[in-house]
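S.K.: structure for this input, please:
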Amino acid sequence: MTFGSKGLVIACALAAAVTAAPARADNVVVKSVTNGDATISYRAQGKGPLILFIASTGRGTEEFDDLAKDLAERGYRVLRPEPRGIGASKGPMTGVTFHDFANDFAAVIRNEGGHAIVAGHAYGGWIARTLATDRPDLTRGVVLVAAGASKWPKELSDAITMINDPASTREQRLAGLRLAFFAKGNDPTAWLDGWHQDVTKSQRAAGKATKRADWWAAGKAPILDLQGGADPFRPAESRNELKSEFGDRVTVAVIDNASHALPAEKPAETAKAIADWADRLGK
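M.R.: A predicted model of the protein is given here:
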């Protein structure tokens with residue numbers, strides 16, 4: 001086929017428009033990367049600076065579709081790796097530490113060709129802080145999404161154990177979700193499923209095998225301490241716990257009517273808070 005000069009100009013313009021079209025925020029690609037004996041599957045979407053999201057205890061990141069789409073629409077490339085034992089992610093589940101899990105996610109960042117803001121939900125914040133400590137070259141900043149205080153009541157940890165137990169009744173699990181994860185008036189039923197008992201056991205054992213001093217400070221990275229206003233793991237008296245210890249490196253933000261399941265309860269508000277803070281770090 002041949003073009004006249006006018007037709008050639010139009011064809012070239014159309015080709016340039018297609019090439020310049022931005023990646024759709026809801027276009028999710030599933031990729032994988034290896035880290036030694038582990039293979040980590042992850043979802044990637046959007047275009048721009050990297051934000052990697054790490055899920056909470058015993059859970060995966062598929063449930064954060066809305067959060068990831070909002071962040072992608074704000075101009076970020078969002079990475080959601082699954083931990084070992086969930087989906088296609090696999091690797092040794094015993095004899096491991098937080099450092100091994102952090103290396104899994106560091107491999108994802110390297111595979112995407114840059115350094116990232118690492119956002120960890122609840123337990124995921126511990127791994128985010130480990131990654132920032134071990135690999136400052138890959139970490140632009142750390143977002144702690146519903147991070148627990150330095151101490152919390154044992155009944156909250158017991159609730160997580162009970163929710164993970166398939167022998168627990170639906171009513172028991174709903175009561176545990178309302179106690180530990182969801183603020184009054186927020187619907188916890190979506191979290192009746194999606195728990196992986198073997199992953200929870202592995203992650204807890206890894207925590208016991210890792211010194212707190214190895215990860216607590218998150219290296220020297222800037223930190224957004226994003227809290228749920230009704231999170232029992234983070235009562236009001238602990239609001240400035242990290243800021244008091246680490247000073248101006250920490251920014252504290254609180255989202256009302258949210259508990260420990262913050263990114264599931266308030267995905268739009270969580271995404272906005274993360275993106276606003278990330279914007280201030282510069283792209």
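S.K.: now the terminal residues of stretch 160-171, how far apart.
M.R.: End-to-end distance of stretch 160-171 (CA to CA, to the nearest Å): 14 Å.
S.K.: tally of neighbours for residue 84?
M.R.: Neighbours of residue 84 under the rule other CB atoms under 10 Å: 24. In this view, the C-beta of every residue, glycine as well, is placed from N, C-alpha and C.
S.K.: which residues touch it?
M.R.: 38, 40, 90, 91, 92, 93, 101, 104, 199, 202 (CB atoms under 8 Å, 6 or more residues apart in numbering).
S.K.: which non-adjacent residue is nearest the fifth one?
M.R.: Once flanking residues are discounted, residue 92 sits nearest to residue 37: 5.8 Å by CB to CB, 6 or more residues apart in numbering.
S.K.: state the phi and psi torsions of that neighbour.
M.R.: phi -80, psi 0 (degrees, to the nearest 10).
S.K.: which residues in the stretch 151-283 of the chain form strands?
M.R.: All strands of the stretch 151-283 of the chain, identified by DSSP state E, counting those that start in this stretch, fall at 223-228, 250-255.
S.K.: out of these, flag the one nearest residue 264.
M.R.: The closest of those to residue 264 is strand 223-228. By CB to CB, the value is 10.6 Å.
S.K.: let's see that closest one as CSV, backbone CA atoms only.
M.R.: Below are the C-alpha coordinates for strand 223-228, written out as CSV (Å, rounded to 0.1, in the frame of the first residue of the first chain):
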residue,chain,number,x,y,z
ILE,A,223,8.7,7.5,56.2
LEU,A,224,5.0,8.2,55.8
ASP,A,225,3.3,6.8,59.0
LEU,A,226,-0.3,6.5,57.7
GLN,A,227,-2.7,5.5,60.4
GLY,A,228,-6.3,4.5,60.8
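S.K.: related to what we said a few turns ago, could you dump the contacts of residue 84 to TSV with secondary structure?
M.R.: Formatted as TSV, the contacts of residue 84 follow (DSSP: H, G, I helix; E, B strand; the rest coil):
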residue	secondary structure
38	strand
40	strand
90	strand
91	coil
92	coil
93	coil
101	helix
104	helix
199	helix
202	helix
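S.K.: need the max-distance pair from these.
M.R.: Using CB to CB, the two most remote members of these are 40 and 202, lying 14.3 Å apart.
S.K.: the more surrounded of these two?
M.R.: Higher neighbour count among residue 40 and residue 202: residue 40, with 25 against 22, using other CB under 10 Å.
S.K.: identify the bridge partners of that one.
M.R.: Under the criterion DSSP bridges, residue 40 forms beta bridges with residue 33.
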